[in-house]
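Q: have a look at this fold, sequence not included:
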């Protein structure tokens, strides 16, 4: 029978393994939830971009193409597109490496 420091080491390792398994399970749930929310966000962003494109097209017909509102609307549209790409990239990273949310992107490659 194991006793003394060796038993403590085995007990510590067993507790560590159980906690690691719990953490891994929790991370999987978090990633699934994040992925679902990300998809909703991307769908909303894409719908907003389509609406903004239509608004921009209408605005160009009403005012000079180089006017401040049209330029600001164009910039906002570009920024929304970049944000959607960044979120899509994060979602793809988490699809390929769900543990990246815990250990970081570089560790999973």
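A: Arrived safely, thanks for sending. What you see is a predicted model, and the numbers here were worked out from it, not measured in a lab. Numbering: from 1, shown residues only.

Q: ok, the residue nearest to the spatial centre of the chain - contacts?
A: The geometric centre of the chain, computed from its C-alpha atoms, lies nearest to residue 90 (C-alpha atoms, centre = their mean), at 4.2 Å. The contact partners of residue 90, by C-beta atoms under 8 Å, 6 or more residues apart in numbering, come to residue 38. Any C-beta I mention is one placed from the backbone N, CA and C, and that applies to glycine too.

Q: helix or strand: which one has it?
A: Of the helices and strands defined by DSSP states H and E, residue 90 is found in helix 68-96.

Q: quick one: mean pLDDT over that helix.
A: Here the mean pLDDT over helix 68-96 is 83, rounded to a whole number.

Q: what are the buried residues along that helix?
A: By neighbour count, and taking 16 or more other C-beta atoms under 10 Å as the criterion, the buried residues in helix 68-96 are 70, 73, 77, 84, 88, 90-91, 94.

Q: ok, how many other residues are close to residue 11?
A: With neighbours defined by other C-beta atoms under 10 Å, the count for residue 11 comes to 11.

Q: what helix or strand is it on?
A: Under the criterion of DSSP H and E, residue 11 resides in helix 5-62.

Q: and the angle for that helix with helix 68-96?
A: Between the axis of helix 5-62 and that of helix 68-96 there is an angle of 150 degrees, by axes from the mean of the first three to the mean of the last three C-alpha atoms, to 10 degrees.

Q: on that earlier part again, let me have the buried residues of helix 68-96 in JSON lines, extended by distance to residue 43.
A: Formatted as JSON lines, those follow (distance: C-beta to C-beta, whole Å):
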{"residue": "70", "distance to residue 43": "26"}
{"residue": "73", "distance to residue 43": "21"}
{"residue": "77", "distance to residue 43": "17"}
{"residue": "84", "distance to residue 43": "10"}
{"residue": "88", "distance to residue 43": "11"}
{"residue": "90", "distance to residue 43": "15"}
{"residue": "91", "distance to residue 43": "12"}
{"residue": "94", "distance to residue 43": "17"}
